Each structure stands twice: as structure tokens, then as C-alpha cells.
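Student: my questions concern the predicted model and sequence given below.
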Amino acid sequence: MRLSRDLAPRARRWPGALALALVLPLAGCATDTGSGAGGDPSATGSTAAGAGGTATATATPAPEVRGQLRADGRTRDYLLHRPAATDDDPKPLVIAFHGRGADAAELREKSRLERAATARGMLVSFPEGLDHGWGAGTRATKQRPDPGLDVRFTEALIKHLVRTEHADPERVYVAGFSNGGSMALRMAAERPELLAGAVSVSGQLPAGDAAVRPTGPLPVMVVYGADDPVRPLAGWPSPPPDPEEPILPSLSAQDTAAAFAAAGDAGKPVTREEKGYDRTVWSLKDAPAHSADAATVQLLVVHGAGHTWPGSTVPPPDGFGPVSKALDATDALLDFLTGSGR
């Protein structure tokens with residue numbers, strides 16, 4: 001079965017060998033499907049990476065755009081939401097990955113992340129996964145023969161939005177749901193130097209022959225339903241076969257968070273009960289200056305919640321379990337990433 005049941009101050013080192021042709025975003029509503037320099041009067045045309053081209057900003061950029069980016073010989077789509085502020089200060093950027101079988105619009109509707117983020121003066125981008133999913137693990141499969149493709153695409157998207165949208169390279173964050181949550185965790189594990197924080201909702205680190213291992217300190221939050229019927233809280237070391245695309249084995253939510261804590265040389269965890277969920281916190285000894293929530297790794301286990309986005313008003317698919325109203329995952333993740341919840 002497909003669907004989103006997937007089942008998931010430092011120097012910035014931009015990948016110099018990325019051969020990209022950039023198709024800059026088109027101003028307009030997110031339901032627009034046209035692309036290319038001639039599709040809209042405010043479109044900026046295309047530029048080849050490394051050619052020294054400069055994007056031409058419009059006087060009043062549209063708050064929501066559908067953009068395209070060519071990377072690794074593929075044209076990839078994304079939605080972008082801009083804050084209302086039009087000043088030239090660099091803006092924090094959140095890259096949000098949808099779940100398996102879903103798309104950018106589905107995650108936008110379920111999370112309302114674009115409203116909350118742009119209200120805080122943040123850019124938020126919802127990229128579209130190939131075949132409605134992400135290569136969150138390191139194992140090559142028939143459907144995803146290049147397991148590093150989405151990592152390189154995300155690197156390219158970050159570089160593109162820093163250049164064209166004045167995103168702040170010191171405040172780039174990733175988040176995601178389910179398979180998209182695991183994709184956010186992969187970026188956090190393999191490219192911590194590009195990020196200032198990461199959040200996964202209902203996503204765990206891939207394990208087994210698809211294992212992803214954290215390589216450096218980074219603030220990370222994992223939000224997980226205690227009663228997830230799709231991918232259990234305890235992980236799935238041997239998932240059943242899927243006729244459309246292999247489901248990757250995964251660590252437990254606890255072991256996922258603990259792996260990032262160990263990569264950050266964190267101390268012992270402290271768990272406290274809060275209304276409707278338990279919060280476990282590891283304090284990192286070394287983390288970015290623009291870090292999330294005082295440089296911590298956190299695990300929030302939400303009581304009575306399924307494979308869902310806590311606080312969402314959108315009903316989940318059958319078999320995904322209940323949506324908790326005890327926690328608003330959108331506010332929680334943005335508070336964590338920006339440190340405003342402290």
C-alpha cells in the first residue's frame with residue numbers, strides 16, 4: 001500500500017560540484033501549474049549555476065509561489081511561502097518534507113506550517129518528492145537506485161533559496177512527516193553543517209542495510225504518537241514487503257533521538273510529564289550558535305496519538321489512528337527551532 005504510511009557560528013560548506021540549471025520561482029498562487037520564464041510577468045527566467053547570474057527581485061514579491069529547480073538532470077518542484085515583511089534582512093528558512101504517497105499541498109494543509117512560519121518572518125518551502133516519496137535511507141532500491149539523490153536536491157534547494165530569496169544560511173531548518181520526517185532526519189544526520197535544527201513528526205531513522213547515522217551535533221526534535229499503528233513507537237526492524245516500494249526498517253523513536261544526542265556528546269536524558277505527552281531532553285555540549293531550544297535533542301511522545309500530526313484539523317486516513325489535541329506540533333516545532341519556547 002502506498003499513501004503516506006511510509007512506512008520519513010559555523011562555516012557553510014556548499015557542494016561545489018552540483019551541476020544545476022535553476023528555474024526561478026513563478027509568482028502566483030500555489031495552484032498555478034505553469035513554469036518557465038514566460039509563464040508570468042514577474043518570473044525571473046533561468047540561470048545556470050556558476051555562471052554568475054543574479055536573480056532580479058520583484059518590487060512586491062508574491063507571498064506564495066510555485067518554483068522549479070533543475071538538479072541532477074531532473075526538474076524538481078517546490079512550493080514557497082514568503083513572510084509579509086519586505087525588508088532585505090536574511091530570513092530563516094524551513095524546508096518541510098511531505099509523507100510517502102502525499103504531496104506538498106497535503107502537508108501544507110495538514111500542518112498549517114506556512115501560516116505559522118511566515119507569521120514569524122520565516123520562509124517555508126515544501127518540496128515535492130519523486131513518485132510522492134523520499135529517499136530517506138541509504139539503501140539503493142529499484143524505485144530509488146540513487147539513494148543520495150534527495151540529499152543532493154535538498155542541498156541544491158537550500159543554496160538556491162539562499163541566493164534567490166535571501167534565506168539566512170545560518171538559520172536553515174528541516175522538518176517533515178512520516179517518510180518526510182525520516183528525510184529531515186537524514187539531512188540532519190548527514191549534513192549537519194548546512195542546518196541549524198531539525199524536527200521529525202512520526203518519522204524515525206532508517207536502520208539495517210538502509211541505516212542513517214548522525215555525523216555531528218545538531219538540535220533535533222522527534223514528535224511521535226505513543227499508539228502509532230503504522231510505524232510503531234518501538235521501531236520496525238523487519239517491516240513487511242510492499243509491492244510498490246520497499247518500506248525501510250527503522251530504529252525506535254527513543255533510539256532515533258538518542259543517536260543524535262550521542263553525536264552531540266550529550267549528557268544523560270531527563271524525562272518529564274507534560275499535559276498529554278512526555279518530553280525527554282538531552283543537553284548538547286556542542287551545537288550551532290543559532291541552535292534550537294538551547295542546544296538540545298528532544299523526544300515528545302504524545303499520549304493516545306497515532307501516525308498523525310498532533311493538533312491538525314485535517315482527518316487522517318483510515319488506519320492511521322487518532323490526532324492528539326494536547327499538543328500543536330506546528331507551534332512546538334517552530335518554538336523549538338527558533339528557541340522562542342524557552
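Tutor: Here it is on my side, so go on.

Student: for Arg272, give me its contacts.
Tutor: Arg272 makes contact with Asp278, Arg279, Val281, according to Cβ atoms under 8 Å, 6 or more residues apart in numbering. (Glycine included, C-beta is placed from N, CA and C.)

Student: including distance to Gly67 and neighbour count, could those residues go into JSON lines?
Tutor: Below are the contacts of Arg272 laid out as JSON lines (distance: Cβ to Cβ, whole Å; neighbours: other Cβ atoms under 10 Å):
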{"residue": "Asp278", "distance to Gly67": "39", "neighbour count": "14"}
{"residue": "Arg279", "distance to Gly67": "36", "neighbour count": "16"}
{"residue": "Val281", "distance to Gly67": "37", "neighbour count": "20"}
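
Student: tell me the one of the residues you listed nearest His160?
Tutor: The nearest member of the contacts of Arg272 to His160, counting by Cβ to Cβ, is Val281 at 34.3 Å.

Student: assess the claim that that closest one and Val297 are in contact.
Tutor: Yes. Val281 lies in contact with Val297 (Cβ atoms under 8 Å); the separation is 7.5 Å.

Student: run through the stretch 1-150 of the chain and note the low-pLDDT ranges.
Tutor: Counting by pLDDT under 70, the ranges of the stretch 1-150 of the chain that qualify are 1-61, 85-86.

Student: all helices of the stretch 51-200 of the chain, in order?
Tutor: Secondary structure of the stretch 51-200 of the chain by DSSP state H, counting those that start in this stretch: the helices cover 104-111, 113-119, 149-165, 179-190.

Student: hey, which of these is tucked in deepest?
Tutor: Most buried of the helices of the stretch 51-200 of the chain by mean neighbour count (mean count of other Cβ atoms under 10 Å) is helix 179-190; its value is a mean of 30.

Student: neighbours around Thr280, how many?
Tutor: 20 (other Cβ atoms under 10 Å).

Student: now it, which residues is it bridged with?
Tutor: Per DSSP bridges, the residues bridged to Thr280 are Thr271, Leu299.

Student: before we move on, the earlier item: and the contacts of Arg272, which is closest to Gly306?
Tutor: The closest of the contacts of Arg272, once distances to Gly306 are taken by Cβ to Cβ, is Asp278, at 16.4 Å.

Student: quick revisit: how about the helices of the stretch 51-200 of the chain in a markdown table, adding distance to Val301?
Tutor: Listed next are the helices of the stretch 51-200 of the chain as a markdown table, based on distance: least, Cβ to Cβ, whole Å:
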| stretch | distance to Val301 |
| --- | --- |
| helix 104-111 | 19 |
| helix 113-119 | 21 |
| helix 149-165 | 27 |
| helix 179-190 | 14 |
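
Student: select, out of those helices, the one closest to Leu79.
Tutor: Of the helices of the stretch 51-200 of the chain, nearest to Leu79 by Cβ to Cβ is helix 104-111, at 4.8 Å.

Student: what does the closest one rub up against?
Tutor: So helix 104-111 is contacted by 4, 30, 77-79, 96-99, 113-114, 126-128, 176-177, 180, 309, 312, 314, 329-330 (Cβ under 8 Å, 6+ apart).

Student: and stretch 300-307, end to end?
Tutor: 14 Å (Cα to Cα, to the nearest Å).

Student: tell me the contacts of Pro147?
Tutor: Contacts of Pro147 (Cβ under 8 Å, 6+ apart): Gly135, Gly137, Thr138, Arg139, Ala140, Thr141, Ala210.

Student: mind checking the SS state of Trp282?
Tutor: What DSSP: H, G, I helix; E, B strand; the rest coil gives for Trp282 is strand.
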